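1. after the sequence you'll find the predicted model.
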Amino acid sequence: MSTQIAVRLPDELVEFLDELVKNGDVASRAAAVARALEHERRRHLAERDAAILVRSGADADMDSLARHAATTAMNDLD
């Protein structure tokens, strides 16, 4: 389900949206706005998670997991 909303944007942002659509980077203005909002939501969640980790302090299990992940090839994650 989706909800239609009206948004007022500066002309330069609308021009940027139109360029993205024209170049085929996104299917529509709505797709570009949705992608930007999804990116912002992920950034917000990452900030929240980082703050939780800072408050909780060191965790030996997470430290060893991080060391393992740092040495693991990421090309097999398809």
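-> In hand now; what should we look at?
2. below-threshold pLDDT in the protein: ranges please.
-> Scanning the chain for pLDDT under 70 picks out 75-78.
3. residue furthest from the geometric center of it?
-> Centroid-distance maximum for the chain: Ala60 at 28.1 Å, with CA atoms, centre = their mean.
4. check which helix or strand the spatially most central residue of the chain maps to.
-> The C-alpha lying nearest the average C-alpha coordinate of the chain belongs to His39 (CA atoms, centre = their mean; 2.7 Å). Assigning secondary structure by DSSP states H and E places His39 in helix 29-56.
5. how far off helix 29-56 does the helix or strand just after that helix point, in degrees?
-> Counting by DSSP H and E, the next helix or strand C-terminal to helix 29-56 is helix 60-70. Relative orientation of helix 60-70 versus helix 29-56 (axes from the mean of the first three to the mean of the last three CA atoms, to 10 degrees): 130 degrees.
6. can you give the contact residues for helix 60-70?
-> The set of residues external to helix 60-70 that reach it, using CB atoms under 8 Å, 6 or more residues apart in numbering, is Leu53. Where C-beta positions appear, they are placed from N, C-alpha and C, glycine not excepted.
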